[in-house]
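Engineer: Here is my input; please provide its structure:
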Amino acid sequence: MDRHEILRESPAYQWILEEGREIGRKEGIEKGRQEVVQAMQQAAICTVVVHLAEIEKLARAKITALDELARTKITALDDLECLQRLIIDLSISHSQEEMERVLHSL
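Structural biologist: Below you'll find the model as predicted:
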């Protein structure tokens with residue numbers, strides 16, 4: 001048995017190795033969570049723009065103003081459950097005013 005094998009089999013080495021793996025798993029989970037949050041934020045913003053254009057044939061200036069409000073409010077959210085509820089609330093809104101109320105409630 002060479003020195004490297006002896007070191008790899010030592011309890012201290014195994015403990016350090018496992019700790020490194022655990023840190024890597026946690027970092028991977030957090031990175032994945034952030035990617036999901038960003039995707040949900042983008043879906044909520046798209047919901048505002050697309051749904052609003054469908055329910056009301058608004059002038060481009062009104063859509064742009066609501067889009068800016070949506071981006072400001074939505075990108076501040078990182079709670080997945082809140083983002084899911086938000087997408088539903090925005091999807092069932094029947095007017096620009098309802099969407100604005102939903103966004104201002106954040």
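Engineer: Contact partners for the residue lying closest to residue 67 once chain neighbours are set aside?
Structural biologist: Leaving aside its chain neighbours, residue 67 sits nearest to residue 49 (5.4 Å; criterion: C-beta to C-beta, 6 or more residues apart in numbering). C-betas here are computed from N, CA, C, even on glycine. Counting by C-beta atoms under 8 Å, 6 or more residues apart in numbering, residue 49 makes contact with 63, 66, 67, 70.
Engineer: now swap in residue 47 and tell me
Structural biologist: 87, 90, 91.
Engineer: give me the element the second one is part of.
Structural biologist: Right, the one you point to is residue 90. In this structure, residue 90 is located in helix 80-91 according to DSSP states H and E.
Engineer: and the gap between residue 21 and residue 99?
Structural biologist: Relative to residue 99, residue 21 is positioned 45 Å away (C-beta to C-beta, to the nearest Å).
Engineer: For the two, indicate the residue with more neighbours.
Structural biologist: Shown here are residue 21 and residue 99; by other C-beta atoms under 10 Å, residue 99 has more neighbours (23 against 10).
Engineer: check which helix or strand covers that one.
Structural biologist: Using DSSP H and E, residue 99 maps to helix 96-104.
Engineer: Which neighbouring elements make contact with that helix?
Structural biologist: helix 11-55, helix 60-74, helix 80-91 (3 or more C-beta pairs under 8 Å, 6 or more residues apart in numbering; DSSP states H and E).
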